[in-house]
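**Student:** I would like the atomic coordinates for the input below:
(chains A and B)
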Amino acid sequence: MKPAPFRYARPSTLAQAIALLGEARGEGKVLAGGQSLVPMMNMRLVRPAVLVDVTHLRELTGIAPTGDGGLRIGAMTRHAALMASPLVRERTPLLAEAARHVGHAAIRNQGTLGGSLAHADPAAELPAALVALDARVEVTGPGGERLVRAEELFRGLMATALAPEEILTAVDVPAAPGGWGFVEMARRPGDFALAGIVVVLGRPLPSPPLGGEGGRVVGFGVGDRPLRLRGAERELAGGGIDAEAAARAGAAAARDCDPPSDVHASAEYRRHLAGVLTERALLQAGVRRAGG
Amino acid sequence: MTTSGVPPSERLTVRLRVNGRPVEHAVQARRSLADFLREDLGLTGTHVGCEHGVCGACTVLVDGRSARSCLLFAAQLDGRAVTTIEGLTPAEALSPLQESFRLCHAMQCGFCTPGMIVTATELLADQPAPSTEAIREAIAGNLCMCTGYVNIVRAIERAVAARSQDARR
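**Tutor:** Numbering: from 1, shown residues only, chains lettered A, B, ... in the order given. Sure thing, here's the model as predicted:
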């Protein structure tokens, strides 16, 4: 249970970090909080030759308000900091709530937002929350910077659109004034969710709804990545959220998802959860939108 | 010379504080903080259970916040301050929390105890009077293979009660 030998580097600038990853020729890994990478190294599921520790890079820190009412959040922001930040709680409270559900206190003290996204565990909370919020991810590589929509970052089980020599530096999170809901089911606090649902509603009419949609419904733990449940989203197009619309959306979500079976829960049970949790998350979001 | 600065290294020297004492030590990059504390510094109070961040036995404080020492490399701790169970134990006696664990028989084999005490220390620093539910949630990441949770929760509750009594005196 010890990791294979590797070389460790602690660059002092983002440019140095990217150069180090380039020199590692695909054998390098970015080390952030290490709460997902290091267990995999200890179990020898991964054996990077070089670890590039980016936790000290100033370019990757900070939480700053943006003009549209949202936030730009540095990739090295720890989960505990997301929970505690007054700016996050005011502007994107969904992220504070999602962070609260990540692991245990000791994990949240070390684990980072960027690390959670780059690791892309399909049962993780923050990737799903950012897809629901239609956040943009800032990525820097040898060729410069690019912006990736959260939805396009996740390509499958622990697979992302990041190239080996690219570093995820920050997340641009728009405000979600239309209400949101977050519900997950886990056997114990801190466990990975058996299934979870994040809902972000568009603004109430007549303002234009979020991205031309009534809202987003995203499942985690119910597919190989954070999964937009489009059948459920279609049920929101009318704008109103009542018990009947929530129930219809729940039924659609259960049909749409593609959950795995494992020792913790069967696919059938997860599918059932996706339906029930969608209903609950929508009602929660409806109450928030109504100002409750 | 490339633009990458200091080249990656398999061996390096770390300078940090452990239980208030400055420490300078050469380590392999792959040396976990847990093994560094136990093998290099002889601080065997930090226990190593699962070595992949699940059991909580190796929990220590890094700059005052709890961390799994099996998921950190000593190399990352340069410039930081680490507190272990030894650092939470007074020279001549037990801390009030430790005394509470003793009085409530909150340990059976004792393997999880250091991690439990470190985790409870952070909880009590953050919340003056946590509810039973908050206590249970806080120690959810620390596994007791003897399943002695009831007395562990009781011990933390007792420490909270003793502290508020002290405050009233």
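**Student:** span of stretch A:40-57 from start to end?
**Tutor:** 24 Å (Cα to Cα, to the nearest Å).
**Student:** let's test this: mean pLDDT of that stretch, rounded?
**Tutor:** Averaging pLDDT along stretch A:40-57 yields 97.
**Student:** ok, now stretch B:159-169?
**Tutor:** Across stretch B:159-169, pLDDT averages out at 85.
**Student:** any buried residues in that stretch, and which?
**Tutor:** Judged by neighbour count using 16 or more other Cβ atoms under 10 Å in any protein chain shown, the buried positions of stretch B:159-169 are B:Ala159, B:Val160, B:Arg163. The C-beta positions use only the backbone N, C-alpha and C, and glycine is treated the same way.
**Student:** got a list of what the first one touches?
**Tutor:** Meaning B:Ala159. Neighbouring residues of B:Ala159 by Cβ atoms under 8 Å, 6 or more residues apart in numbering or on different chains: B:Pro96, B:Leu97, B:Ser100, B:Ala120, B:Leu124.
**Student:** what do you get if the cut-off is 7 Å, keeping everything else the same?
**Tutor:** Applying Cβ atoms under 7 Å, 6 or more residues apart in numbering or on different chains to B:Ala159 gives the contacts B:Pro96, B:Leu97, B:Ser100, B:Leu124.
**Student:** not counting residues beside it along the chain, what's closest to the closest residue to chain B within the stretch 1-150 of chain A?
**Tutor:** With Cβ to the nearest Cβ as the measure, A:His104 is the residue of the stretch 1-150 of chain A nearest to chain B, at 2.9 Å. For A:His104, ignoring the flanking residues on the chain, the nearest one in space by Cβ to Cβ, 6 or more residues apart in numbering or on different chains is B:Gly141 at 2.9 Å.
**Student:** before we move on, what about B:Gly5?
**Tutor:** In space, B:Gly5 is closest to A:Gln16, 4.4 Å off (Cβ to Cβ, 6+ apart).
**Student:** secondary structure class for the one you found?
**Tutor:** helix (DSSP: H, G, I helix; E, B strand; the rest coil).
**Student:** state the pLDDT value of it.
**Tutor:** At A:Gln16, the model reports a pLDDT of 97.
**Student:** cool, the one 5 residues further on as well?
**Tutor:** pLDDT recorded at A:Leu21 is 97.
**Student:** got it, and A:Gly240?
**Tutor:** Reported pLDDT at A:Gly240 in the predicted model: 76.
**Student:** shouldn't it be within a helix?
**Tutor:** No. Going by three-state DSSP, the assignment for A:Gly240 is coil, not a helix.
**Student:** bridging residues for the residue nearest to the spatial centre of chain B?
**Tutor:** Residue closest to the mean C-alpha point of chain B, counted by Cα atoms, centre = their mean, is B:Val60 at 2.3 Å. Using DSSP bridges, the beta-bridge partners of B:Val60 come out as B:Ala67.
**Student:** residues in contact with it?
**Tutor:** Counting by Cβ under 7 Å, 6+ apart, B:Val60 makes contact with B:Thr46, B:Ala67, B:Ser69, B:Val82, B:Thr83, B:Thr84, B:Val118.
**Student:** for the stretch 51-200 of chain A, what lies in contact range of chain B?
**Tutor:** Residues of the stretch 51-200 of chain A lying close to chain B by Cβ under 7 Å from any Cβ of the partner chain are A:Asp53, A:His104, A:Ala105, A:Ala106, A:Asn109, A:Gln110, A:Arg188, A:Pro189, A:Gly190.
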